[in-house]
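Asker: 3D, please:
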Amino acid sequence: MMDWTDRHCRYFHRLLTRHTWLYTEMVTTGALLHGNAAQHLAFNEEEHPLALQLGGSDPAELARCAKLAAAANYDEINLNCGCPSERVQRGAFGACLMAEPELVADCVRAMCDAVSIPVTVKHRIGINDRTDYAFVRDFIGTVANAGCRTFIVHARNAILGGLSPKENRTIPPLRYDYVHRLKCDFPELEIILNGGIQTIEQMEEQLAHVDGVMLGRQAYHQPWLLASVDQHFYQAATPILQRAEIETAFIAYAAQELERGTYLGAMTRHILGLYHEVPGARSWRRVLSDHHKLATGDLRIFDEARNHGLSPII
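Answerer: Residues are numbered from 1 along each chain as shown. Predicted structure coming up:
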(Lines give C-alpha, C1' and ligand atoms only; values in the text may rest on other atoms or scores of the structure.)
Protein backbone atom coordinates (compact mmCIF):
# COMPACT_ATOMS: atom_id res chain seq x y z
CA MET A 1 0.00 0.00 0.00
CA MET A 2 2.96 2.31 -0.54
CA ASP A 3 1.82 5.75 -1.74
CA TRP A 4 -1.75 4.84 -0.80
CA THR A 5 -2.37 4.77 2.95
CA ASP A 6 -0.83 8.12 3.82
CA ARG A 7 -2.17 10.28 6.64
CA HIS A 8 -4.91 11.83 4.48
CA CYS A 9 -6.16 8.39 3.48
CA ARG A 10 -6.06 7.18 7.07
CA TYR A 11 -7.96 10.23 8.33
CA PHE A 12 -10.67 9.52 5.77
CA HIS A 13 -10.86 5.87 6.80
CA ARG A 14 -11.08 6.87 10.44
CA LEU A 15 -14.20 8.87 9.61
CA LEU A 16 -15.74 5.60 8.44
CA THR A 17 -14.63 3.38 11.31
CA ARG A 18 -13.66 4.40 14.80
CA HIS A 19 -12.30 1.06 16.07
CA THR A 20 -10.53 -0.64 13.16
CA TRP A 21 -6.73 -0.64 13.38
CA LEU A 22 -5.08 1.45 10.67
CA TYR A 23 -1.64 0.78 9.18
CA THR A 24 0.70 3.22 7.51
CA GLU A 25 2.21 2.64 4.13
CA MET A 26 5.55 0.88 4.46
CA VAL A 27 8.35 3.21 5.57
CA THR A 28 11.93 2.03 5.18
CA THR A 29 14.50 2.31 7.94
CA GLY A 30 16.67 4.34 5.57
CA ALA A 31 13.91 6.90 5.06
CA LEU A 32 13.56 7.38 8.81
CA LEU A 33 17.23 7.36 9.71
CA HIS A 34 18.55 9.39 6.80
CA GLY A 35 15.52 11.35 5.62
CA ASN A 36 12.85 13.57 7.12
CA ALA A 37 11.71 11.36 9.99
CA ALA A 38 9.18 13.88 11.29
CA GLN A 39 7.46 14.00 7.91
CA HIS A 40 7.38 10.22 7.53
CA LEU A 41 6.02 9.73 11.06
CA ALA A 42 3.42 12.52 11.01
CA PHE A 43 -0.17 11.54 11.65
CA ASN A 44 -3.40 12.96 13.06
CA GLU A 45 -4.31 12.05 16.63
CA GLU A 46 -7.71 10.89 15.40
CA GLU A 47 -6.01 8.00 13.59
CA HIS A 48 -5.42 5.91 16.73
CA PRO A 49 -5.19 2.95 17.00
CA LEU A 50 -2.39 3.18 14.44
CA ALA A 51 0.52 0.94 13.47
CA LEU A 52 3.70 1.99 11.70
CA GLN A 53 4.78 -0.54 9.08
CA LEU A 54 8.55 -0.71 8.73
CA GLY A 55 10.69 -2.11 5.93
CA GLY A 56 14.19 -3.16 6.86
CA SER A 57 16.45 -6.07 7.78
CA ASP A 58 19.10 -4.64 10.08
CA PRO A 59 18.20 -5.31 13.74
CA ALA A 60 20.03 -2.27 15.10
CA GLU A 61 18.47 0.08 12.53
CA LEU A 62 15.01 -1.34 13.16
CA ALA A 63 15.47 -0.89 16.88
CA ARG A 64 16.35 2.78 16.36
CA CYS A 65 13.29 3.24 14.16
CA ALA A 66 11.12 1.46 16.70
CA LYS A 67 12.20 4.00 19.31
CA LEU A 68 11.29 6.82 16.94
CA ALA A 69 7.86 5.28 16.39
CA ALA A 70 7.24 4.82 20.11
CA ALA A 71 8.31 8.41 20.78
CA ALA A 72 5.88 9.56 18.07
CA ASN A 73 3.10 7.72 19.95
CA TYR A 74 2.36 4.91 17.50
CA ASP A 75 0.40 2.00 18.97
CA GLU A 76 2.20 -0.82 17.13
CA ILE A 77 5.19 -1.51 14.92
CA ASN A 78 4.70 -3.91 12.03
CA LEU A 79 7.63 -5.47 10.19
CA ASN A 80 6.92 -6.07 6.51
CA CYS A 81 7.97 -9.55 5.40
CA GLY A 82 5.40 -9.80 2.65
CA CYS A 83 6.10 -7.24 -0.08
CA PRO A 84 7.43 -9.02 -3.19
CA SER A 85 8.46 -6.04 -5.33
CA GLU A 86 11.90 -6.08 -6.91
CA ARG A 87 12.68 -2.64 -5.46
CA VAL A 88 12.03 -3.96 -1.96
CA GLN A 89 14.07 -7.09 -2.65
CA ARG A 90 17.03 -4.93 -3.66
CA GLY A 91 16.84 -3.44 -0.18
CA ALA A 92 16.99 -6.98 1.27
CA PHE A 93 13.65 -6.78 3.04
CA GLY A 94 10.01 -7.59 2.40
CA ALA A 95 8.97 -11.10 1.38
CA CYS A 96 12.55 -12.27 0.75
CA LEU A 97 13.09 -12.13 4.52
CA MET A 98 10.93 -15.24 4.89
CA ALA A 99 13.95 -17.21 3.66
CA GLU A 100 15.83 -15.99 6.74
CA PRO A 101 13.58 -16.60 9.75
CA GLU A 102 16.48 -16.32 12.22
CA LEU A 103 17.26 -12.84 10.89
CA VAL A 104 13.60 -11.86 11.19
CA ALA A 105 13.68 -13.18 14.76
CA ASP A 106 16.74 -11.04 15.49
CA CYS A 107 14.95 -8.00 14.05
CA VAL A 108 11.86 -8.63 16.14
CA ARG A 109 13.91 -9.27 19.27
CA ALA A 110 15.84 -6.03 18.81
CA MET A 111 12.63 -4.01 18.42
CA CYS A 112 10.93 -5.73 21.35
CA ASP A 113 13.94 -4.93 23.52
CA ALA A 114 13.87 -1.30 22.40
CA VAL A 115 10.18 -0.47 22.94
CA SER A 116 7.19 -1.54 25.02
CA ILE A 117 4.56 -1.27 22.25
CA PRO A 118 3.68 -4.46 20.33
CA VAL A 119 5.90 -5.59 17.46
CA THR A 120 4.02 -7.57 14.80
CA VAL A 121 4.97 -9.22 11.50
CA LYS A 122 3.14 -9.25 8.16
CA HIS A 123 4.19 -12.03 5.79
CA ARG A 124 3.15 -14.54 3.12
CA ILE A 125 2.53 -18.28 3.45
CA GLY A 126 5.61 -19.00 1.35
CA ILE A 127 8.00 -17.73 -1.28
CA ASN A 128 8.59 -18.98 -4.81
CA ASP A 129 8.23 -22.77 -4.92
CA ARG A 130 8.12 -23.23 -1.15
CA THR A 131 4.47 -24.18 -0.98
CA ASP A 132 4.66 -26.67 1.88
CA TYR A 133 2.80 -25.72 5.03
CA ALA A 134 5.84 -26.55 7.18
CA PHE A 135 7.68 -23.55 5.70
CA VAL A 136 5.31 -20.92 7.08
CA ARG A 137 4.71 -22.93 10.27
CA ASP A 138 8.42 -22.99 11.06
CA PHE A 139 8.81 -19.33 10.13
CA ILE A 140 6.15 -18.33 12.64
CA GLY A 141 7.54 -20.66 15.30
CA THR A 142 11.00 -19.11 15.00
CA VAL A 143 9.80 -15.51 15.02
CA ALA A 144 7.33 -16.11 17.84
CA ASN A 145 10.20 -17.29 20.03
CA ALA A 146 11.72 -13.81 19.61
CA GLY A 147 8.67 -12.11 21.12
CA CYS A 148 6.20 -11.55 18.27
CA ARG A 149 2.66 -12.43 19.33
CA THR A 150 0.72 -11.20 16.26
CA PHE A 151 1.17 -12.41 12.69
CA ILE A 152 -0.70 -10.93 9.72
CA VAL A 153 -0.69 -13.61 7.05
CA HIS A 154 -1.27 -12.85 3.38
CA ALA A 155 -2.65 -16.23 2.35
CA ARG A 156 -0.65 -16.76 -0.85
CA ASN A 157 2.95 -17.32 -1.82
CA ALA A 158 5.12 -14.42 -2.94
CA ILE A 159 6.84 -15.01 -6.28
CA LEU A 160 10.14 -13.16 -6.10
CA GLY A 161 10.83 -13.02 -9.81
CA GLY A 162 8.88 -12.95 -13.04
CA LEU A 163 5.67 -11.42 -11.71
CA SER A 164 4.68 -7.81 -11.26
CA PRO A 165 3.51 -6.63 -7.81
CA LYS A 166 -0.03 -6.58 -9.22
CA GLU A 167 0.26 -10.19 -10.41
CA ASN A 168 1.66 -11.15 -7.01
CA ARG A 169 -1.67 -10.11 -5.50
CA THR A 170 -3.57 -12.70 -7.56
CA ILE A 171 -1.02 -15.42 -8.39
CA PRO A 172 -0.78 -18.09 -7.05
CA PRO A 173 -4.20 -18.89 -5.51
CA LEU A 174 -5.11 -18.01 -1.94
CA ARG A 175 -4.73 -20.77 0.64
CA TYR A 176 -6.94 -19.82 3.57
CA ASP A 177 -6.61 -23.35 4.90
CA TYR A 178 -2.94 -22.70 5.68
CA VAL A 179 -3.86 -19.68 7.81
CA HIS A 180 -6.56 -21.67 9.61
CA ARG A 181 -4.00 -24.40 10.38
CA LEU A 182 -1.62 -21.78 11.78
CA LYS A 183 -4.24 -20.71 14.29
CA CYS A 184 -4.77 -24.34 15.30
CA ASP A 185 -1.03 -24.92 15.68
CA PHE A 186 -0.42 -21.64 17.52
CA PRO A 187 -3.57 -21.01 19.57
CA GLU A 188 -1.66 -18.68 21.90
CA LEU A 189 -0.77 -16.31 19.03
CA GLU A 190 -2.96 -13.74 17.30
CA ILE A 191 -3.34 -14.82 13.67
CA ILE A 192 -4.82 -12.28 11.26
CA LEU A 193 -5.78 -13.26 7.71
CA ASN A 194 -5.08 -11.00 4.73
CA GLY A 195 -5.91 -11.41 1.06
CA GLY A 196 -9.08 -11.52 -1.02
CA ILE A 197 -11.57 -10.34 1.62
CA GLN A 198 -14.25 -8.24 -0.07
CA THR A 199 -17.44 -8.35 2.03
CA ILE A 200 -18.69 -8.27 5.62
CA GLU A 201 -19.94 -11.82 5.11
CA GLN A 202 -16.47 -13.03 4.15
CA MET A 203 -15.04 -11.33 7.23
CA GLU A 204 -17.55 -13.10 9.45
CA GLU A 205 -16.76 -16.43 7.80
CA GLN A 206 -13.01 -16.06 8.37
CA LEU A 207 -13.38 -14.85 11.94
CA ALA A 208 -14.72 -18.30 12.78
CA HIS A 209 -11.18 -19.57 12.14
CA VAL A 210 -8.77 -16.69 12.90
CA ASP A 211 -8.46 -13.74 15.26
CA GLY A 212 -8.82 -10.96 12.71
CA VAL A 213 -8.86 -9.97 9.06
CA MET A 214 -6.94 -7.26 7.25
CA LEU A 215 -8.29 -5.35 4.27
CA GLY A 216 -6.05 -3.66 1.72
CA ARG A 217 -7.04 -2.44 -1.72
CA GLN A 218 -10.67 -3.43 -1.24
CA ALA A 219 -10.99 -0.91 1.58
CA TYR A 220 -9.29 1.71 -0.56
CA HIS A 221 -11.39 1.27 -3.71
CA GLN A 222 -14.67 0.60 -1.88
CA PRO A 223 -14.24 2.42 1.45
CA TRP A 224 -17.94 2.37 2.28
CA LEU A 225 -17.36 -1.25 3.25
CA LEU A 226 -15.75 0.12 6.43
CA ALA A 227 -18.81 2.12 7.46
CA SER A 228 -20.58 -0.84 9.08
CA VAL A 229 -17.54 -2.56 10.60
CA ASP A 230 -17.86 -0.94 14.02
CA GLN A 231 -21.48 -2.07 14.40
CA HIS A 232 -20.80 -5.58 13.09
CA PHE A 233 -17.63 -6.42 14.98
CA TYR A 234 -17.14 -3.93 17.82
CA GLN A 235 -20.74 -3.68 19.05
CA ALA A 236 -20.68 0.07 18.55
CA ALA A 237 -23.96 1.76 19.42
CA THR A 238 -23.31 4.85 17.32
CA PRO A 239 -25.32 5.15 14.10
CA ILE A 240 -23.67 4.71 10.72
CA LEU A 241 -23.10 8.10 9.13
CA GLN A 242 -24.41 8.86 5.68
CA ARG A 243 -21.94 9.25 2.83
CA ALA A 244 -22.76 12.95 2.61
CA GLU A 245 -21.90 13.37 6.30
CA ILE A 246 -18.55 11.66 5.76
CA GLU A 247 -17.88 13.98 2.83
CA THR A 248 -18.76 17.05 4.90
CA ALA A 249 -16.38 15.97 7.67
CA PHE A 250 -13.62 15.39 5.15
CA ILE A 251 -14.16 18.84 3.62
CA ALA A 252 -13.59 20.35 7.08
CA TYR A 253 -10.36 18.38 7.33
CA ALA A 254 -9.30 19.48 3.86
CA ALA A 255 -9.88 23.13 4.80
CA GLN A 256 -7.45 22.79 7.70
CA GLU A 257 -4.87 21.06 5.53
CA LEU A 258 -5.14 23.71 2.81
CA GLU A 259 -4.15 26.32 5.39
CA ARG A 260 -1.02 24.25 6.01
CA GLY A 261 -0.16 24.31 2.32
CA THR A 262 -1.32 20.78 1.42
CA TYR A 263 -2.29 20.26 -2.20
CA LEU A 264 -6.01 19.55 -2.45
CA GLY A 265 -5.53 16.71 -4.92
CA ALA A 266 -3.29 14.91 -2.43
CA MET A 267 -6.39 14.55 -0.28
CA THR A 268 -9.25 14.10 -2.75
CA ARG A 269 -7.52 11.19 -4.51
CA HIS A 270 -8.16 9.00 -1.47
CA ILE A 271 -11.93 9.53 -1.30
CA LEU A 272 -12.84 8.80 -4.92
CA GLY A 273 -14.39 5.47 -3.94
CA LEU A 274 -16.78 6.96 -1.37
CA TYR A 275 -19.81 6.83 -3.70
CA HIS A 276 -18.87 3.56 -5.37
CA GLU A 277 -21.88 2.16 -7.30
CA VAL A 278 -24.03 5.19 -6.37
CA PRO A 279 -25.74 6.82 -9.39
CA GLY A 280 -23.76 9.87 -10.45
CA ALA A 281 -20.54 8.66 -8.81
CA ARG A 282 -18.56 8.68 -12.05
CA SER A 283 -19.25 12.37 -12.64
CA TRP A 284 -18.46 13.13 -8.99
CA ARG A 285 -15.10 11.40 -9.34
CA ARG A 286 -14.36 13.14 -12.61
CA VAL A 287 -14.80 16.60 -11.10
CA LEU A 288 -12.73 15.73 -8.02
CA SER A 289 -9.96 14.48 -10.31
CA ASP A 290 -9.72 17.67 -12.38
CA HIS A 291 -6.13 18.81 -11.81
CA HIS A 292 -6.82 22.35 -13.00
CA LYS A 293 -9.64 22.81 -10.49
CA LEU A 294 -7.70 21.08 -7.72
CA ALA A 295 -4.73 23.38 -8.25
CA THR A 296 -6.86 26.36 -7.21
CA GLY A 297 -7.45 24.87 -3.78
CA ASP A 298 -11.08 25.96 -3.96
CA LEU A 299 -13.29 23.70 -1.83
CA ARG A 300 -16.31 24.64 -3.90
CA ILE A 301 -15.12 21.82 -6.14
CA PHE A 302 -17.10 19.52 -3.83
CA ASP A 303 -20.32 21.46 -4.52
CA GLU A 304 -19.63 21.27 -8.24
CA ALA A 305 -18.96 17.54 -8.02
CA ARG A 306 -22.22 16.92 -6.17
CA ASN A 307 -24.17 18.98 -8.68
CA HIS A 308 -23.05 16.71 -11.50
CA GLY A 309 -25.86 14.23 -10.99
CA LEU A 310 -25.08 12.91 -7.49
CA SER A 311 -28.02 12.72 -5.11
CA PRO A 312 -27.70 15.56 -2.54
CA ILE A 313 -28.56 13.24 0.38
CA ILE A 314 -26.90 9.83 0.34
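
Asker: hey, let's count contacts and neighbours off CA atoms from now on
Answerer: OK.

Asker: Strands of the stretch 151-300 of the chain, residue ranges please.
Answerer: 190-194, 212-214 (DSSP state E, counting those that start in this stretch).

Asker: roughly how far is the longest one from the heart of the chain?
Answerer: Strand 190-194 has its C-alpha centroid displaced from the chain centroid by 13 Å (C-alpha atoms, centre = their mean, to the nearest Å).

Asker: Indicate which one of the strands of the stretch 151-300 of the chain is closest to Ile271.
Answerer: strand 212-214 (19.5 Å; C-alpha to C-alpha).

Asker: Who are the packing partners of the closest one?
Answerer: Judged by 3 or more C-alpha pairs under 8 Å, 6 or more residues apart in numbering; DSSP states H and E, the packing partners of strand 212-214 are strand 190-194, helix 200-206.

Asker: okay, the ones you listed, which one's buried deepest?
Answerer: strand 190-194 (a mean of 22; mean count of other C-alpha atoms under 10 Å).

Asker: for the protein, longest helix please?
Answerer: In the chain, taking DSSP state H as the definition, the longest helix is helix 243-259.

Asker: Return the set of buried residues in that helix.
Answerer: Buried residues in helix 243-259, counting neighbours by 16 or more other C-alpha atoms under 10 Å, are found at Arg243, Ala244, Ile246, Glu247, Phe250, Ile251, Ala254.

Asker: and if you look at stretch 133-149?
Answerer: Applying 16+ other C-alpha under 10 Å to stretch 133-149 flags 135-137, 139-144, 146-149 as buried.

Asker: now it, how far from the chain's geometric center?
Answerer: On C-alpha atoms, centre = their mean, the centre of stretch 133-149 falls 22 Å from the chain's centre.

Asker: if you average pLDDT over it, what comes out?
Answerer: For stretch 133-149, the mean pLDDT works out to 98.

Asker: can you list contacts of that stretch?
Answerer: Here stretch 133-149 makes contact (C-alpha atoms under 8 Å, 6 or more residues apart in numbering) with 98, 101-102, 104-106, 108-109, 112, 118-121, 124-126, 151, 178, 182, 189-190.

Asker: which of the buried residues of stretch 133-149 lies closest to Glu61?
Answerer: Nearest to Glu61 among the buried residues of stretch 133-149, with distances taken as C-alpha to C-alpha, is Ala146, at 17.0 Å.

Asker: any idea how far that closest one lies from Asp106?
Answerer: 7 Å (C-alpha to C-alpha, to the nearest Å).

Asker: what separates Ala69 from Met26, distance-wise?
Answerer: Ala69 is 13 Å from Met26, where distance means C-alpha to C-alpha.

Asker: list residues touching both of these two?
Answerer: Residues touching both Ala69 and Met26 (C-alpha under 8 Å, 6+ apart) are Leu52.

Asker: ok, now which ones touch Glu304?
Answerer: Val287.

Asker: On the three-state scheme, it is what?
Answerer: Three-state assignment for Glu304 (DSSP: H, G, I helix; E, B strand; the rest coil): helix.
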